[in-house]
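Student: model this:
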Amino acid sequence: MKLAGKSVVVTGGGNGIGRALAERFAAEGTRGVTVADIDGEWARKTAERIGEQGIGVGCDVSDPDAISRLVSTAEESFGPIDVFCSNAGFTDPAPGDLGQPVTAWRSAHPGGPVR
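Tutor: Down below sits the predicted model:
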């Protein structure tokens with residue numbers, strides 16, 4: 001896939017594979033890379049490494065409202081999203097049962113990272 005001129009979002013981009021993906025996408029000439037991570041500071045550090053075509057956003061991918069805010073921020077910054085690299089992950093409250101709604105997660109993890 002040619003990424004030159006594209007807008008890309010990378011979740012879990014604060015370190016590891018996500019950081020490597022974000023940096024590689026930027027090197028391919030994207031118009032912008034929105035780096036998202038539950039640790040907003042790490043997301044911003046990755047974006048700083050990318051330069052002016054990167055922005056860092058704190059985002060908990062288990063929260064649909066946070067994903068909506070992430071999409072809005074990316075689109076406001078770089079226009080329509082062309083590639084959404086869903087690299088971040090989380091486990092559900094009942095391992096193996098991927099059909100759990102966010103409300104089940106919240107009740108199983110009171111005070112946890114999902115707000």
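Student: C-alpha only now, for contacts and for neighbours.
Tutor: Noted.
Student: Tell me how many other residues surround residue 52.
Tutor: 12 (other Cα atoms under 10 Å).
Student: Residue 74 now?
Tutor: Neighbours of residue 74 (other Cα under 10 Å): 24.
Student: Also residue 7?
Tutor: A count of nearby residues for residue 7, using other Cα under 10 Å, gives 25.
Student: same deal with residue 76?
Tutor: Residue 76 has 10 neighbours, counted by other Cα under 10 Å.
Student: With residue 45 instead?
Tutor: Other residues near residue 45 come to 19 when the count uses other Cα under 10 Å.
Student: my read: it touches residue 55, true?
Tutor: No - with contact defined as Cα atoms under 8 Å, residue 45 does not reach residue 55; the gap is 9.2 Å.
Student: tell me the helices in this structure, going along the chain?
Tutor: Secondary structure of the chain (DSSP state H): helices at 16-27, 40-50, 64-78, 102-108.
Student: among those, where is the model least confident on average?
Tutor: For these, mean pLDDT drops lowest on helix 102-108, to a mean of 63.
Student: Can you get me the start-to-end distance on stretch 33-46?
Tutor: This stretch, stretch 33-46, spans 10 Å end to end (Cα to Cα, to the nearest Å).
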